[in-house]
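**Q** Build me a model:
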Amino acid sequence: MDNAHLEQLRQVVDTAPQNVEARLALLHALIAAAAWQEATEVGIPLLPLESPPAVVHGLMGLAYGQQQQWTEAIAQYQQAVHAQPDEAEVFFNLGTLLAQQGDYAAAQTALEKAVALRADWAEAHYNLGTVLLRQERYSEAIAALKYATEQRETYPEAHFNRGNAHAMKGLDREGRLDYYELDCATTAYKTAIQQRPGYTAALYNLGMLYSRMKTSEGLRVWDQYLEATQDTPAEETWRLRAREYKRDLQDRLS
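**A** Prediction:
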C-alpha cells in the first residue's frame, strides 16, 4: 500500500471516526507499514464495540507486541484465540509471547493448538519443542523438534535444540551417561554446524559433550570454537571457559 492510499484512509477515519470498516482498513494498513504506535491508537476504539471484527484482537496483539507491551499483547491474543479459534497464527503468537514471559505450561497449550491447526508449520513445532525443553520434557521436545526439521530442509536452530534435549536426556542427575542419547546429541549438533558453519553455540555444546565423554574429538571441536569466536568480543567469557575445558580434557587424555 502506497503512502497516498494510507493518507486517504487516515482522512476517511478522521472524517467518520465511527466508520468501523474504514478504521479496520486503516489498522490493517498501519500494521503492514509497521507503524505500531499509530496502529494501536487507531485500533483502541474498536475494542469496546459490542461485536468487534474478529481480527482486531490479533492485530492489536501484534501492535502491542512490537512495542514490547507484553501484558497488553498477551491480553489481546487471549481474546483473539476465542474470536478466531481456527487461526493457527493467533495461537502461535500467544504461545510465543507466553514463552518469552516464562509461562511455559500455558505457552505449550497454545502452541499445541497451533500445530494441530497447521501440522506443516515448522516454526510452530520448533517453538513447541523449545518450550517442552524448558520444562525438561525431553522426549516430547525431541519429537517436536524432529518434526520441525522434517518440515524445513535447513533448520540449524531446531537441530541445535534437539541436540540439547538429547544431551540433557543422556546426562542423568547421578552422572551416568546414556551413550545412545549422547550419540543422537552429537549427530544433531553436527547437523546444526553443517547447516550453519561456525555456529558457535553448537560448537560450544558439542565441545562440552565430548569433554564429558572424555574423547579426543573434543580437542578438535574446542579448537573450532576458539577459531570461530576469535573476532567476537561478546564471546570472550565463553572463550576463557573453552580454553579451560580444553586444557582439562588434554590432562584427562594424557
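**Q** need the helices for this protein, in chain order.
**A** Counting by DSSP state H, the segments of the chain that form helices are 3-15, 20-32, 36-43, 56-66, 70-83, 88-100, 104-117, 122-134, 138-151, 156-170, 179-195, 200-213, 217-228, 236-253.
**Q** For the shortest one, buried residues please.
**A** Yep, that's helix 36-43 we're talking about. 36, 38-40, 42-43 (16 or more other Cβ atoms under 10 Å). To be clear about C-beta, it is placed using only N, CA and C from the backbone, and glycine gets the same treatment.
**Q** Out of the helices of the chain, the one nearest residue 49 is which?
**A** Ranking the helices of the chain by distance to residue 49, with Cβ to Cβ as the measure, places helix 20-32 first at 7.0 Å.
**Q** that older thread, make CSV out of the helices of the chain and add mean pLDDT and distance to residue 50.
**A** Conversion of the helices of the chain to CSV gives the following (pLDDT from 0 to 100; distance: least, Cβ to Cβ, whole Å):
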stretch, mean pLDDT, distance to residue 50
helix 3-15, 91, 20
helix 20-32, 95, 11
helix 36-43, 97, 16
helix 56-66, 97, 13
helix 70-83, 96, 13
helix 88-100, 97, 21
helix 104-117, 98, 27
helix 122-134, 98, 33
helix 138-151, 98, 40
helix 156-170, 97, 43
helix 179-195, 97, 51
helix 200-213, 96, 50
helix 217-228, 97, 58
helix 236-253, 96, 55
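**Q** Columns distance to residue 49 on top of these, output as CSV?
**A** Supplementary listing: these in CSV, determined by distance: least, Cβ to Cβ, whole Å:
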stretch, distance to residue 49
helix 3-15, 15
helix 20-32, 7
helix 36-43, 11
helix 56-66, 8
helix 70-83, 12
helix 88-100, 19
helix 104-117, 25
helix 122-134, 30
helix 138-151, 38
helix 156-170, 40
helix 179-195, 47
helix 200-213, 47
helix 217-228, 54
helix 236-253, 52
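**Q** Outline the domain layout of the protein.
**A** Using automatic domain parsing, the domain ranges for the chain come out as 1-85, 204-254.
**Q** so which of those gets nearest residue 131?
**A** Across those, the minimum distance to residue 131, taken as Cβ to Cβ, is reached by domain 1-85, at 15.0 Å.
**Q** would JSON lines of the domains of the chain with distance to residue 195 be doable?
**A** Conversion of these to JSON lines gives the following (distance: least, Cβ to Cβ, whole Å):
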{"stretch": "domain 1-85", "distance to residue 195": "29"}
{"stretch": "domain 204-254", "distance to residue 195": "14"}
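**Q** Figure out which of those domains is closest to residue 121.
**A** Judged by Cβ to Cβ, the one of the domains of the chain that comes nearest to residue 121 is domain 1-85, at 15.8 Å.
**Q** Return the distance of the closest one from the chain's centre.
**A** Averaged C-alpha coordinates place domain 1-85 at 25 Å from its chain's average position (Cα atoms, centre = their mean, to the nearest Å).
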